[in-house]
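[1] Predicted model follows, preceded by the sequence.
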Amino acid sequence: MTVTAVIDDQRLLIGAEGRVKATEKRLINNAQVDVNQLMPIKYHWAWEHYNSGCANHWMPTEVPMNQDVEVWRSDRLTDDERLVIKRNLGFFSTAESLVGNNLVLAIFKHVTNAECRQYLLRQAFEEAVHSHTFLYVVESLGLNEGEIFNMYREIPAIAKKDAFEMELTAEVMSEGFSTDTLEGQQMFLKNLIGFYVIMEGIFFYSGFVMVLSFHRRNLMKGIGEQFQYILRDETVHMNFGVDLINGIKSENPGLWTPQFQSEMIERIRTAVELEIDYAEGCLPRGVLGLNAESFRDYVQHIADRRLERIGLPTQYGSPNPFPWMSETIDLSKEKNFFETRVNEYQSAGSLNWD
């Protein structure tokens with residue numbers, strides 16, 4: 001028995017023999033398979049990442065900022081420490097938006113697999129939560145929102161990182177772009193490496209170290225807790241992205257040419273220098289036992305780890321000066337918000353301090 005469906009004035013005959021098979025699914029260039037068919041699942045890693053994201057659900061407003069406000073209004077922070085916090089809020093506030101826009105406007109369109117799209121929808125929501133976080137922090141501390149949210153235009157080190165990423169979205173969103181050609185597929189893979197390996201895997205990590213260093217000293221604990229949750233989210237994002245990149249490589253081995261590999265290595269090396277420049281701008285004199293030189297080692301160390309994950313040779317061999325970050329990343333969700341949150345508190349942004 002067949003059922004006739006009308007889609008865009010084209011009549012399709014759909015029967016049992018036309019049902020989607022897992023073996024027919026592919027990550028890109030699979031328009032002939034119905035992308036609305038979640039089952040049967042082929043890429044179980046994508047579904048596992050989706051479940052991990054759902055299990056890690058949180059909202060920034062569930063984290064009280066009272067103590068952060070008290071510290072910020074006191075003399076417990078130096079000007080250099082305040083600079084570190086504001087610079088990282090400035091970078092992250094725009095970077096999360098760039099990632100979200102790239103997901104919904106570029107990546108989602110060209111990934112032709114339902115379970116991967118399911119994860120991308122979850123990730124897009126999480127990027128919105130992260131953007132909400134920075135608005136919540138800025139409002140709570142009473143910071144100049146124009147200063148924070150315009151740093152990507154006004155601070156050269158941030159502007160260079162963002163411009164470096166924005167070109168990838170522009171390429172994939174350009175008129176006539178498709179993944180039908182080898183060139184288009186490589187450009188799409190370049191976008192995925194740029195956002196999952198570089199933006200979320202390298203550009204975010206200096207900021208995580210800086211902000212979580214305050215948290216380790218029992219300072220700015222509300223911001224630190226939120227950054228811990230963001231770090232946990234970003235770890236899942238990066239793991240999904242690496243699996244997606246490696247899956248596309250496996251299904252399309254002709255893309256991973258020696259020339260393309262060389263170009264990606266050079267792109268990552270450029271990103272490392274941009275991130276080191278950013279760290280130097282955040283730490284002109286060093287704070288919290290941190291200095292720009294230690295971040296050179298750290299950024300090179302994590303870049304080597306990212307290169308390994310996508311099958312490229314390491315470049316630096318630098319040591320990890322912040323081994324405690326590995327422990328932080330490995331932490332499971334430590335708190336149940338609904339057990340530990342104070343039942344009656346105002347968000348710090350609405351407190352009356354008179």
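    All right, it came through fine. Numbering: from 1, shown residues only.
[2] and residue 196, what does it touch?
    237, 238, 240, 241, 242, 244, 245 (C-beta atoms under 8 Å, 6 or more residues apart in numbering). For every residue, glycine as well, the C-beta is placed using N, CA and C.
[3] which among these end up buried?
    237, 238, 240, 241, 242, 244, 245 (16 or more other C-beta atoms under 10 Å).
[4] The residues you listed into JSON lines, with extra columns for pLDDT?
    As requested, the buried ones among the contacts of residue 196 are arranged in JSON lines below (pLDDT from 0 to 100):
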{"residue": "237", "pLDDT": "97"}
{"residue": "238", "pLDDT": "96"}
{"residue": "240", "pLDDT": "97"}
{"residue": "241", "pLDDT": "97"}
{"residue": "242", "pLDDT": "97"}
{"residue": "244", "pLDDT": "97"}
{"residue": "245", "pLDDT": "97"}
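[5] In helices only, show me those residues.
    When DSSP state H is applied, these are split such that 237, 238, 240, 241, 242, 244, 245 fall in helices.
[6] you'd agree residue 274 is up against residue 158?
    No - the criterion here is C-beta atoms under 8 Å, and residue 274 misses it with residue 158 at 9.8 Å.
[7] Looking at these two, which has the bigger crowd around it?
    residue 158 (26 against 20; other C-beta atoms under 10 Å).
[8] what about the more buried one, distance to residue 36?
    Note on residue 158: its distance to residue 36, by C-beta to C-beta, to the nearest Å, is 39 Å.
[9] ditto for residue 260
    Distance from residue 260 to residue 36, by C-beta to C-beta: 32 Å.
[10] higher neighbour count, the two?
    Comparing residue 260 with residue 36 by other C-beta under 10 Å, the one with more neighbours is residue 260, at 16 against 8.
[11] give me the element the closest residue to the more buried one other than its chain neighbours is part of.
    Leaving aside its sequence neighbours, residue 260 sits nearest to residue 186 (C-beta to C-beta, 6 or more residues apart in numbering; 5.7 Å). For residue 186, the host element (DSSP states H and E) is helix 182-192.
[12] average pLDDT across that helix?
    Model confidence over helix 182-192, given as mean pLDDT, is 96.
[13] for stretch 315-332, same thing?
    Here stretch 315-332 scores 81 as its mean pLDDT.
[14] how much distance is there from the helix or strand containing residue 160 to the middle of the chain?
    Following DSSP H and E, one finds residue 160 within helix 156-173. With C-alpha atoms, centre = their mean, to the nearest Å as the basis, helix 156-173 stands 14 Å off its chain's centre.
[15] now swap in stretch 135-143 and tell me
    Offset of stretch 135-143 from its chain centre (C-alpha atoms, centre = their mean): 22 Å.
[16] Include distance to residue 40 when you put the contacts of residue 196 into JSON lines, please.
    Listed next are the contacts of residue 196 as JSON lines, based on distance: C-beta to C-beta, whole Å:
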{"residue": "237", "distance to residue 40": "25"}
{"residue": "238", "distance to residue 40": "27"}
{"residue": "240", "distance to residue 40": "20"}
{"residue": "241", "distance to residue 40": "24"}
{"residue": "242", "distance to residue 40": "24"}
{"residue": "244", "distance to residue 40": "19"}
{"residue": "245", "distance to residue 40": "23"}
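[17] Can you mark which positions in the helix or strand encompassing residue 296 are buried?
    Using DSSP H and E, residue 296 maps to helix 292-309. In terms of neighbour count (16+ other C-beta under 10 Å), helix 292-309 has its buried residues at 292, 294-304, 306-307, 309.
[18] Just the C-alphas of the helix or strand following it, formatted as CSV.
    Downstream of helix 292-309, the next assigned helix or strand under DSSP H and E is helix 324-330. What follows is helix 324-330 as a C-alpha-only set of coordinates in CSV (Å, rounded to 0.1, in the frame of the first residue of the first chain):
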residue,chain,number,x,y,z
TRP,A,324,44.4,21.6,37.6
MET,A,325,42.4,22.5,34.5
SER,A,326,42.3,18.8,33.5
GLU,A,327,40.7,18.0,36.9
THR,A,328,38.2,20.8,36.4
ILE,A,329,37.2,19.5,33.0
ASP,A,330,36.8,16.0,34.4
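[19] Can you give the contact residues for helix 324-330?
    Counting by C-beta under 8 Å, 6+ apart, 205, 208, 209, 212, 216, 228, 231, 232, 235, 320 sit against helix 324-330.
[20] I'd like those residues as JSON lines, with neighbour count, secondary structure and distance to residue 124 appended.
    Output for these, formatted as JSON lines (neighbours: other C-beta atoms under 10 Å; DSSP: H, G, I helix; E, B strand; the rest coil; distance: C-beta to C-beta, whole Å):
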{"residue": "205", "neighbour count": "24", "secondary structure": "helix", "distance to residue 124": "22"}
{"residue": "208", "neighbour count": "20", "secondary structure": "helix", "distance to residue 124": "21"}
{"residue": "209", "neighbour count": "23", "secondary structure": "helix", "distance to residue 124": "26"}
{"residue": "212", "neighbour count": "21", "secondary structure": "helix", "distance to residue 124": "25"}
{"residue": "216", "neighbour count": "12", "secondary structure": "helix", "distance to residue 124": "31"}
{"residue": "228", "neighbour count": "22", "secondary structure": "helix", "distance to residue 124": "21"}
{"residue": "231", "neighbour count": "20", "secondary structure": "helix", "distance to residue 124": "18"}
{"residue": "232", "neighbour count": "21", "secondary structure": "helix", "distance to residue 124": "17"}
{"residue": "235", "neighbour count": "17", "secondary structure": "helix", "distance to residue 124": "17"}
{"residue": "320", "neighbour count": "15", "secondary structure": "coil", "distance to residue 124": "31"}
